[in-house]
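Participant: Give me a model of this one.
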Amino acid sequence: MKNKSHQQLNTAKLENQLAAKFNFCLTATVLAILIWFNLSAKAEDLGIQTYTDSKTNSETKSIYKTEVFLRGGQTNLVRKTKIKAEVVQITIQRFYHDGILVGDYVSMKDSSGFTTEAGTPYSVSFEFWSSKDIRSAVIGTKDGQILDAFSCTNGLFFPCETLMINKANGITKDLSKLLSPTHVTNTTPEKFGKEVEEFIQKHKDK
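Facilitator: Model (predicted):
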């Protein structure tokens, strides 16, 4: 009896973990679509503060540029770039949430890569185009809610609009309920079709 109860707990735990991963991936996908339709937005239009500082090393003839992005007064992205002879040597972009370093993306002339910080209460994922170019970065909770997001243009990340993040979370919440296996199984095709139409009407003009 104890073994059966223990097995049920493990099964429930696994289902919760899979549901959280599904929600996070679903929200990230929705957000990536929204980012694609909003690529022309600029930081000053999104309620994002930016600070830039540049220093020159006369001996090496190198320029060190630091860009800091803040959402709601909190730093969420720091980009450091080394330039020599007008050519970018290396760019390091670090992602933060609530004062915690979540991950970073490092790019050089012929290579790039990202790392995520272990032991943080947040998850970070990077999305790529089919060409393998970086597309976006998303920071979320372990249960699948998106906390912050960044679009990427020519290898440079920029914070997304807060409204867009809220919109992605709202769409995903409704969509995950609509597509849950239990709901799909217990709903007639006619009712499900009506719910799909209602979902589209609810979110198409937001």
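
Participant: Now name the helix or strand holding the residue nearest to T66 when sequence neighbours are not counted.
Facilitator: Distance criterion Cβ to Cβ, 6 or more residues apart in numbering; nearest residue to T66, sequence neighbours excluded, is D53 at 4.8 Å. No exception for glycine: its C-beta is placed from N, CA and C like everyone else's. Assessed by DSSP states H and E, D53 sits inside strand 48-57.

Participant: for that strand, packing partners?
Facilitator: Helices and strands touching strand 48-57, by 3 or more Cβ pairs under 8 Å, 6 or more residues apart in numbering; DSSP states H and E, are strand 62-71.

Participant: buried residues in the strand it packs on?
Facilitator: I63, K65, E67, F69, L70, R71 (16 or more other Cβ atoms under 10 Å).

Participant: from the chain's centre, how far out does that strand sit?
Facilitator: 20 Å (Cα atoms, centre = their mean, to the nearest Å).

Participant: For that strand, C-alpha coordinates in CSV please.
Facilitator: Extracted in CSV, the C-alpha atoms of strand 62-71 (Å, rounded to 0.1, in the frame of the first residue of the first chain):
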residue,chain,number,x,y,z
SER,A,62,40.4,49.4,-27.7
ILE,A,63,37.0,50.8,-26.8
TYR,A,64,35.0,49.2,-23.9
LYS,A,65,31.3,49.9,-24.1
THR,A,66,28.8,49.1,-21.4
GLU,A,67,25.0,49.3,-21.9
VAL,A,68,22.6,48.8,-19.0
PHE,A,69,18.9,48.2,-19.5
LEU,A,70,16.3,48.5,-16.7
ARG,A,71,12.7,47.5,-16.4
